[in-house]
Every structure is written in structure tokens, then in C-alpha cells.
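Student: Okay, predicted coordinates and the sequence, questions at the end:
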Amino acid sequence: MFNEIKQFEPVHFSTRIPFRITDHNYGDHVANNVFVEYLHEGRVQYLQRFGYTERNVEGVALIMSELCVKYTKQGLYPDTLKLDISATNFRPTRFDLYYRGYDLTGDLLVLARTEMAALGRESGKPTRMPEAFVRRAKSEFV
């Protein structure tokens with residue numbers, strides 16, 4: 001799976017997230033859990049590009065139903081994470097987001113995949129992924 005993430009094309013969205021000194025752990029590098037927060041920030045920015053939030057994508061909510069992360073190198077302050085995101089593997093109620101994160105020298109720091117599921121905002125039950133979102137997500141590029 002991580003080889004697939006490492007080579008994904010096309011990139012649908014890219015962002016930069018500066019490391020904060022407070023993101024470091026006792027090992028003096030960016031903590032693993034903080035990278036998961038960076039994925040969340042990137043995902044929120046990706047959705048904002050379309051005018052969506054995780055709570056409202058064409059009338060449905062999105063939740064993360066699965067997370068896979070591979071750390072490849074430590075992130076250090078001061079630096080910035082360049083995060084590339086691709087939306088892929090659309091299914092009736094779910095899709096995947098692939099993430100690649102690099103430091104400013106271009107070294108790969110993190111590979112990840114999140115499975116996002118559509119839920120009815122009122123019912124809280126799985127629902128179909130809105131076709132308008134799927135069309136937009138498949139056609140948008142950096």
C-alpha cells in the first residue's frame with residue numbers, strides 16, 4: 001500500500017504547514033501524533049478549496065474511518081511540511097485520501113492514507129457519497 005501512496009499521481013492539492021517548536025517530543029523531533037494533526041489540517045484545507053467542511057460536503061458529513069501512516073524520516077524545527085494530497089478509490093459511501101509529506105529539502109517524511117466515509121448529518125448513519133463532490137474531487141488538480 002505505501003508504495004502506491006509513494007507514487008500516486010495526480011496530486012490534487014498541496015499545502016505547506018510550518019513546524020512549531022511545541023510540536024517536538026522528548027526525542028527532539030516532531031511527534032508522530034502531530035503528523036496525524038498535520039494530515040487533518042491538510043484535509044480541511046483540501047475540502048475548503050471546494051467550499052466544504054468535514055461537517056458539510058453537499059449535505060453529508062465526512063468522518064475518518066481508517067488511518068494508515070508510515071514515518072520515513074524525522075521532522076525537525078525549524079522547517080515546514082510540504083503536504084501533497086490525492087483523492088482516490090471512490091466507492092458508494094467512501095473514498096481514500098493519499099498523503100505524501102516532505103521537508104523543504106525534498107526529503108520524504110511521511111506517507112499516509114485515510115479512508116473517509118460519508119454520514120447522514122442528521123442520522124449519523126452511512127450514506128452515499130454526493131455525486132457532485134465525487135465529480136469535483138476527480139477533476140480538480142493542483
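Tutor: Here it is on my side, so go on.
Student: Low-confidence regions, this protein specifically.
Tutor: Along the chain, segments meeting pLDDT under 70 span 140-142.
Student: could you pull out the strands for it?
Tutor: Shown for the chain, the strands assigned by DSSP state E span residues 13-18, 60-71, 80-88, 94-102, 108-120.
Student: Out of the ones you listed, which one sits most buried?
Tutor: Most buried of the strands of the chain by mean neighbour count (mean count of other Cβ atoms under 10 Å) is strand 94-102; its value is a mean of 22. Any C-beta I mention is one placed from the backbone N, CA and C, and that applies to glycine too.
Student: Output the contacting helices and strands for that one.
Tutor: Strand 94-102 sits against helix 2-6, helix 32-49, strand 80-88, strand 108-120, with contacts defined as 3 or more Cβ pairs under 8 Å, 6 or more residues apart in numbering; DSSP states H and E.
Student: Pull the residues that contact stretch 113-122.
Tutor: Residues from elsewhere that reach stretch 113-122, judged by Cβ atoms under 8 Å, 6 or more residues apart in numbering: 1, 5, 39, 43, 55-57, 59-68, 93-99, 125-130.
Student: The residue of the chain positioned farthest from its centre and Glu41, how far apart?
Tutor: Centroid-distance maximum for the chain: Tyr26 at 25.8 Å, with Cα atoms, centre = their mean. Distance from Tyr26 to Glu41, counting by Cβ to Cβ, to the nearest Å: 23 Å.
Student: again with Leu67
Tutor: As defined by Cβ to Cβ, Leu67 lies at a distance of 14 Å from Glu41.
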